[in-house]
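> let me see the structure of the following:
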Amino acid sequence: MAKAGCFNRSFMAVLFLTFSLCFVSTLAKLQQIDHPLNSDSLRILVVGDWGRLGHYNQTEVAFQMGRIAEEFDPAFIISTGDNFYENGLTGTDDPQFEESFSKIYTAKSLQKQWYTILGNHDYRGDVEAQLSPILTNKDNRWFCMRSYIVNTEYAEIFFVDTTPFHDKYFTHPGHDTYDWRGLVPNREEYLSNLLKDLDSGLKKSTATWKIVVGHHTVRSAGQHGDTKELLKEFLSILKADDVDLYINGHDHLVQHIRSLDSKLQYFTSGGGSKAWRGEYDLSKEGLKFYYDGQGFMTVKITKTDADLIFYDVFGNVLYKWSVSKTHTAT
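Sure thing, here's the model as predicted:
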């Protein structure tokens, strides 16, 4: 199994302490993790919607991630959720953890910390299994919580549990079952506290760059479209608190949509495996780029500049976007 052998003991101790405190962190402030950097920039790989035992080109995307990462040298990797299809994990001993994660992302360049969040498919399984430090003992790259903050020298990244916002998972789940332990019957309290914590954390942040990561789309030209539950108070908080980037998965594609009334930019990186759904709206207001296929994203941030690049399943550059704190976006 893949192991990341370069994390210092004090850093891992912080991670395990955070695990023990935060299986459900709705009644306390979001836990913060400091991730030290050994570079003049923050470099991140972002992939989502991937865990399919290597099928649907997951292995091919992983190979290209490893190839790009050899030169890019990311500080860590972000998963935007739906880590294990179709129904999450059955428990901490589910072999899918190794078969869809450890045995797929084997490149030396990918042996970095993975900061992950839960998607709706993850909630169909044993949620607490994905949150458990037992998985980190199996592969110490793995880190998953419902909501938390990663602090770096150049940016603060707020990971937000978006699945419980979605009404249909509660009211019209169809044949699917969801693991709502810790969320029901207090869903409204959970969401209210989460929004308060997010708003408070963003307001207190002194970071040059503020990034929010969630599984679900806020705005999308893809099959799922906009998530109406996130267009309300959640989006208002992002705009009011000067968030630069909202990064998500859920739609199995890569895309960029710009806000027309704020500096907020929406980036979807959900092309980790099954894609090519063929349902999209290219007339979507603010749409800058759309690719209905597999791929992943790199993010490079300095004190003054941010550069984002989408790659396809062959490692080809699909799209580049840059913005400066002192210049106009290109």
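
> would you map the helices across this structure?
Ranges of helices in the chain, per DSSP state H, are 9-21, 58-72, 96-97, 127-131, 133-138, 168-171, 187-204, 233-240.

> how about JSON lines for these, with distance to F296 and mean pLDDT added?
Where you see a C-beta, it was placed from the backbone N, CA and C, and this is true even at glycine. Output for these, formatted as JSON lines (distance: least, C-beta to C-beta, whole Å; pLDDT from 0 to 100):
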{"stretch": "helix 9-21", "distance to F296": "24", "mean pLDDT": "45"}
{"stretch": "helix 58-72", "distance to F296": "6", "mean pLDDT": "98"}
{"stretch": "helix 96-97", "distance to F296": "20", "mean pLDDT": "98"}
{"stretch": "helix 127-131", "distance to F296": "20", "mean pLDDT": "98"}
{"stretch": "helix 133-138", "distance to F296": "22", "mean pLDDT": "98"}
{"stretch": "helix 168-171", "distance to F296": "26", "mean pLDDT": "96"}
{"stretch": "helix 187-204", "distance to F296": "26", "mean pLDDT": "97"}
{"stretch": "helix 233-240", "distance to F296": "23", "mean pLDDT": "98"}
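
> G214: which of the ones you listed is closest?
Evaluated with C-beta to C-beta, the helices of the chain place helix 233-240 nearest to G214, the distance being 8.4 Å.

> show me where the stretch 101-250 of the chain has strands.
113-116, 142-144, 148-151, 155-160, 209-214, 245-248 (DSSP state E, counting those that start in this stretch).

> can you tell me the strand partners of the last one and which way each runs?
Neighbouring strands of strand 245-248 in its sheet, by DSSP bridges, are strand 209-214 (parallel), strand 265-269 (parallel).

> tell me which of these sits nearest to L230.
strand 209-214 (7.6 Å).

> so how far is P164 from the closest residue to G272 other than its chain neighbours?
Nearest residue to G272 in three dimensions, chain neighbours excluded: W50, at 2.8 Å (C-beta to C-beta, 6 or more residues apart in numbering). In this view, W50 and P164 are 22 Å apart by C-beta to C-beta, to the nearest Å.

> which one of the two is surrounded by more residues?
Between W50 and P164, counting by other C-beta atoms under 10 Å, W50 is the more crowded of the two (32 against 23).

> show me the contacts for the more buried one.
W50 is in contact with Q58, V61, A62, S79, D82, N83, S100, I104, G272, S273, counting by C-beta atoms under 8 Å, 6 or more residues apart in numbering.

> tell me the contacts of A275?
A275 makes contact with Y56, N57, H252, L253, D292, G293, Q294 under the criterion C-beta under 8 Å, 6+ apart.

> surely the fourth one touches S273?
The one in question is L253. No. With contact defined as C-beta atoms under 8 Å, L253 does not reach S273; the gap is 11.9 Å.

> circling back: between the strands of the stretch 101-250 of the chain, which one is closest to T92.
Of these, nearest to T92 by C-beta to C-beta is strand 142-144, at 11.0 Å.

> and R258, how far is that from G286?
Per C-beta to C-beta, R258 is found 5 Å from G286.

> so what sits against both of the two?
Shared contacts of R258 and G286, defined by C-beta under 8 Å, 6+ apart, comprise Y266.

> more neighbours, the two?
Between R258 and G286, counting by other C-beta under 10 Å, R258 is the more crowded of the two (17 against 14).

> quick one on the thing from earlier: which among the contacts of A275 end up buried?
Those of these that meet the buried threshold are Y56, N57, H252, L253, D292, Q294, by 16 or more other C-beta atoms under 10 Å.

> kindly provide the distance from K325 to D242.
Applying C-beta to C-beta, the value for K325 to D242 is 11 Å.

> ok, the residue nearest to the spatial centre of the chain - contacts?
Nearest to the mean C-alpha position of the chain, counting by C-alpha atoms, centre = their mean, stands T80 at 2.5 Å. Taking C-beta under 8 Å, 6+ apart, we find T80 in contact with 46-49, 117, 119, 213-215, 247-250, 269-270.

> just want the phi and psi numbers for it.
When quoted as degrees, to the nearest 10, the phi and psi of T80 stand at phi -90, psi 20.

> quick one: it and N186, what's the gap?
26 Å.

> go on, R219?
Counting by C-beta to C-beta - R219 and N186 are separated by 29 Å.

> between those two, which has more neighbouring residues?
The residue with more neighbours, out of R219 and N186, is R219; 23 against 15, by other C-beta under 10 Å.

> pretty sure that one contacts G286?
Yes. Under the criterion of C-beta under 8 Å, R219 makes contact with G286 at 7.2 Å.

> name the residues contacting each of these two.
Common contact partners of R219 and G286 (C-beta under 8 Å, 6+ apart): I257, Y266.
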